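**Student:** sharing a model prediction with you, sequence too.
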Amino acid sequence: MTHLFDPDRARLADDDPPHAGDPYFFGYGSLVNRSTHDYSDAHRATVTGWRRAWRKSPRRQRCFLTVVPDPDTTIDGLIAAVPGADWAVLDEREAAYARLDASRSVTHPVGRELDIAIYAVPEDEAHVPGPDDPVILSYLDVVVQGFLTEYGRAGVERFFATTQGWDVPILDDRAHPIYARHRLLADGERRLVDEMLQAVGARVLRG
């Protein structure tokens, strides 16, 4: 079972490698897209025991991704060091989420043990979205662009396969993006998103 992540870990000696004493986060949605943040010490990684799901939180106007416990599932993502354990920027970005300890669940290429946090909407605040809580396409575009860059088409297919809730409508806001960190996608990237949405039977609402 996960525990609240403790940011007050002891610092390592000054002669340790850069970032050696810093905690990491595990991103599984928009944080996989490196263009949306400035955390440079980042690596592809996987976490076991969690599955992505679309959820609505009373703290946000829109439906966003979270993770829910699933012992039989492993998902792709990105870990990145948080310099000086300064979580302020990330905590503000993930304001509707709790920061949990996932250190023992993450497989990564860094050659030492790491303190790794994962953000998840608290279970008592994570509501299954209804027809009036659509996913905004400009957000999904950013997520898929990140997975395509890191993991290729196969990674995008795994993203859709390991995410629950594709019965939630998708609001096409590409003409006037709602998501604050929206990115311009290449034609091929947009086509891939549209293709995958069609494959999972998602209903797209034209904005």
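**Tutor:** Done, it's in.
**Student:** go ahead and flag the most central residue of the protein.
**Tutor:** Nearest residue to the geometric centre of the chain (CA atoms, centre = their mean): residue 29, 2.3 Å.
**Student:** roughly how far does that residue sit from residue 94?
**Tutor:** Distance of residue 29 to residue 94, given as CB to CB, to the nearest Å: 10 Å. (Each C-beta comes from the backbone N, C-alpha and C, glycine too.)
**Student:** just the helices in the protein please.
**Tutor:** For the chain, the helices defined by DSSP state H cover 88-93, 137-161, 187-199.
**Student:** same list, these, but as JSON lines with mean pLDDT and distance to residue 108 please.
**Tutor:** Output for the helices of the chain, formatted as JSON lines (pLDDT from 0 to 100; distance: least, CB to CB, whole Å):
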{"stretch": "helix 88-93", "mean pLDDT": "95", "distance to residue 108": "18"}
{"stretch": "helix 137-161", "mean pLDDT": "98", "distance to residue 108": "13"}
{"stretch": "helix 187-199", "mean pLDDT": "98", "distance to residue 108": "26"}
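**Student:** the closest residue to residue 74 other than its chain neighbours: neighbour count?
**Tutor:** Residue nearest to residue 74 in three dimensions, not counting chain neighbours: residue 48, with 4.5 Å by CB to CB, 6 or more residues apart in numbering. For residue 48, the neighbour count with other CB atoms under 10 Å is 15.
**Student:** what pLDDT is listed against residue 48?
**Tutor:** Residue 48 carries a pLDDT score of 98 in this model.
**Student:** do the one 10 residues further on as well
**Tutor:** At residue 58 the predicted local distance difference test score is 87.
**Student:** residues touching it, list them.
**Tutor:** Listed by CB atoms under 8 Å, 6 or more residues apart in numbering, the contact partners of residue 58 are 125, 127.
**Student:** fine by me, we can end here.
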